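Q: Build me a model from this:
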Amino acid sequence: MIINKEKQLLDTLARIEKNPKNITAIRVFLSRKKGKGKNVNINFAYKVASNLSPILQTTSFGMKNSDLIIIGKNLSLSAAGDIIEKIADVLKKDDTDTEIINSMFKTYNLEYDFDEFKRDIIKTVNYEMAPNKNVKTGQPPSLEFTPEVLDAVIRKLNGIDVLSFIRRQAVAKVKKFEIVFKEYFLSIRDLNEKLIKDIDITSDYWLFRHFTEHLDKKMLSRMLVLPSSIRLPKISLNLNINTVFSKEFRAYTEKFADEKLIIEFQIVDILNNIDGYFKARDYLTPLGHKVLIDCVNTNELDFIDIASFKPHYVKLIWNEDGNFTKSSSLIKELAFQIGGKKIILARADSDRALSFGTELGIEIYQGYYVDTINAVFSKTNCNVGSNCSLEKCAAAKREIIGGNREQCKNHPLLDRDPILKNF
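A: Numbers count the residues shown, from 1 in each chain. Next comes the predicted model:
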């Protein structure tokens, strides 16, 4: 499997930085390949990486400049050598100069070489994103997300009602459709578009985290005024770890003392604040709240011991292009460690995702499929449902306030669901 997103590579580095022991990285400098057969050779090299044995526990990343990154756990020197030899054999078909071919490979033992590897990757990513790289395409230069820009964005945010950017999405059992809870979160994409169009506010992890901690508090303060018809009895909140110790979170839980929450923490945030995570978990659990680890990519389960964090639930991200044989074994192992009913398959937007999850005994899903079934319920029970499309109904159900909701003529039905079961 080749992952073509450099952001996911950087996320993976953040995940393994805390414990890079026994992890090896191989970089194949395919960007150095010359000649008419360059693209063919690159495709063959990628194919070799995609078909590596699942036993090797490797994940491959394709960079924008065509370089190939292979990261493996417990990868012996002989196994790493075999991988290099297989790819080198493909490249030699177009270039018999052994010295040139050998110069295209670099191996890192991340236990000792992590800083060097990270610098090399970031240097390449930054070069690819540099403003002058856009000149030939006619695109405007990329602007940098800096602390000064962050301050300006936060000042602008103070004049915006974040209720219009809060979204909710159902998490449900699908065999006998039953909504288990709804996740409430802020739409970063819509906020980015509203606040500052020319800068990607997710581009710097630490600045973005500071920004979202500010957002969390704004969201919690505004949710205090929501009527009970909108604020369902069982909800999850996607928050930063530090937010649970804020006065805004305390005010929310004190006002709705009978409301037991599911708090979602993203795995990359946990790995950057492990002590904070356990403090938050130990604070929330006695109060009756539960902790969910969010945004876990199935291909990265072999890098992270999820069970060691003792979550109440884990949300796995479905990848349509994933290595299903490898993912199956990793998910089965996770289910054995924490219990299969604690696993949620998110972004389940296809029949393939549902079939995959069902075969593994996963009962709970989130994504387009669940949204559609939920919208069908509202549309078929609405006296003016024939005037709306299914997509528009689903969009209206996701909003607290906003254009789609305002166009709906049956607000009470937007906030009703087929079944709501205590989790």
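
Q: Below-threshold pLDDT in the stretch 1-150 of the chain: ranges please.
A: Under the criterion pLDDT under 70, the flagged ranges of the stretch 1-150 of the chain are 1-5, 34-44, 50-56, 93-97, 127-143.

Q: try it again with 50
A: Residue ranges of the stretch 1-150 of the chain with pLDDT under 50: 1-4, 129-142.

Q: need the helices for it, in chain order.
A: For the stretch 1-150 of the chain, applying DSSP state H, counting those that start in this stretch gives helices covering 6-16, 38-50, 77-92, 98-102, 110-129, 147-157.

Q: Need these in JSON lines (columns: distance to residue 275).
A: Heads up, the C-betas are built off the backbone N, CA and C, glycines and all. Formatted as JSON lines, the helices of the stretch 1-150 of the chain follow (distance: least, CB to CB, whole Å):
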{"stretch": "helix 6-16", "distance to residue 275": "16"}
{"stretch": "helix 38-50", "distance to residue 275": "36"}
{"stretch": "helix 77-92", "distance to residue 275": "34"}
{"stretch": "helix 98-102", "distance to residue 275": "44"}
{"stretch": "helix 110-129", "distance to residue 275": "20"}
{"stretch": "helix 147-157", "distance to residue 275": "25"}
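
Q: could you dump these to a markdown table with mean neighbour count and distance to residue 279?
A: Putting the helices of the stretch 1-150 of the chain into a markdown table (neighbours: other CB atoms under 10 Å; distance: least, CB to CB, whole Å) gives the following:
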| stretch | mean neighbour count | distance to residue 279 |
| --- | --- | --- |
| helix 6-16 | 18 | 20 |
| helix 38-50 | 17 | 40 |
| helix 77-92 | 16 | 39 |
| helix 98-102 | 12 | 49 |
| helix 110-129 | 15 | 26 |
| helix 147-157 | 14 | 26 |
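
Q: So which of the ones you listed is nearest residue 69?
A: Among the helices of the stretch 1-150 of the chain, helix 6-16 comes nearest to residue 69, with 6.2 Å by CB to CB.

Q: can you give me the helices in the stretch 251-400 of the chain?
A: Using DSSP H, counting those that start in this stretch, helices in the stretch 251-400 of the chain cover 267-271, 274-284, 324-338, 351-359, 368-380, 390-398.

Q: For stretch 267-282, output the C-alpha coordinates as CSV.
A: Taking C-alpha atoms only, stretch 267-282 is exported to CSV below (Å, rounded to 0.1, in the frame of the first residue of the first chain):
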residue,chain,number,x,y,z
ILE,A,267,-4.0,9.8,18.7
VAL,A,268,-1.4,12.3,17.5
ASP,A,269,-2.3,14.6,20.4
ILE,A,270,-2.0,11.7,22.8
LEU,A,271,1.4,10.8,21.6
ASN,A,272,2.6,14.4,22.0
ASN,A,273,1.1,14.6,25.6
ILE,A,274,1.0,11.1,27.1
ASP,A,275,1.1,12.2,30.7
GLY,A,276,-1.6,14.7,30.0
TYR,A,277,-3.8,12.0,28.4
PHE,A,278,-3.6,9.7,31.4
LYS,A,279,-4.3,12.7,33.8
ALA,A,280,-7.4,13.5,31.6
ARG,A,281,-8.5,9.9,31.5
ASP,A,282,-8.2,9.6,35.3
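
Q: Averaged pLDDT, that stretch. What do you get?
A: Confidence over stretch 267-282 (mean pLDDT, whole number) is 90.

Q: The closest residue to residue 281 other than its chain neighbours bridge partners, please.
A: Excluding the flanking residues, the one nearest residue 281 by CB to CB, 6 or more residues apart in numbering is residue 291, at 5.1 Å. Beta-bridge partners for residue 291, by DSSP bridges, are residue 263.

Q: Now for the closest residue in space to residue 410 that isn't next to it in sequence: which residues touch it?
A: Of all residues beyond its chain neighbours, the one nearest residue 410 is residue 382 (4.9 Å), with distances taken as CB to CB, 6+ apart. Residues near residue 382 by CB atoms under 8 Å, 6 or more residues apart in numbering: 388, 393, 410, 413.

Q: Among the helices of the stretch 1-150 of the chain, which comes closest to residue 251?
A: Using CB to CB, these put helix 147-157 closest to residue 251, at 19.5 Å.

Q: Next, the residues that contact that closest one from outside, please.
A: For helix 147-157, contacts defined as CB under 8 Å, 6+ apart pick out 143, 191, 195, 196, 199, 201, 207, 210, 211, 214, 215, 218.

Q: show me where the stretch 201-350 of the chain has strands.
A: Listed in chain order, the strands of the stretch 201-350 of the chain (DSSP state E, counting those that start in this stretch) span 235-238, 262-266, 290-297, 313-317, 343-346.

Q: got the contact list for the residue most central in space within the chain?
A: Among the residues of the chain, the one closest to the centroid is residue 295, at 4.0 Å (CA atoms, centre = their mean). By CB under 8 Å, 6+ apart, the contact set of residue 295 is 266, 267, 268, 315, 317.

Q: Report pLDDT for it.
A: Residue 295 is assigned a pLDDT of 89 by the prediction.

Q: Which among the contacts of helix 147-157 count as buried?
A: Taking 16 or more other CB atoms under 10 Å as the criterion, what is buried in these is 191, 195, 196, 199, 201, 207, 210, 211, 214, 215, 218.

Q: Next, the contact list for the fourth one, please.
A: The neighbours of residue 199, taking CB under 8 Å, 6+ apart as the test, are 143, 144, 145, 149, 192.

Q: Ok, the first one next?
A: Contacts of residue 191 were listed using CB under 8 Å, 6+ apart, and they are 157, 162, 165, 201, 215.

Q: Surely the last one is in contact with residue 185?
A: Read that as residue 215. No - taking CB atoms under 8 Å as the definition, residue 215 is not a contact partner of residue 185, at 9.8 Å.

Q: re earlier: just put the contacts of residue 199 in CSV and tack on distance to residue 273.
A: Formatted as CSV, the contacts of residue 199 follow (distance: CB to CB, whole Å):
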residue, distance to residue 273
143, 28
144, 25
145, 21
149, 24
192, 24
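
Q: The nearest residue to residue 212 once chain neighbours are set aside and residue 214, how far apart?
A: Distances taken as CB to CB, 6+ apart put residue 240 closest to residue 212, at 5.7 Å, once the chain neighbours are dropped. Using CB to CB, to the nearest Å, residue 240 is found at 10 Å from residue 214.

Q: do residue 308 as well
A: To residue 214, residue 308 is 30 Å away according to CB to CB.

Q: what sits against residue 367?
A: Residue 367 neighbours (CB under 8 Å, 6+ apart): 318, 345, 346, 347, 348, 349, 353.
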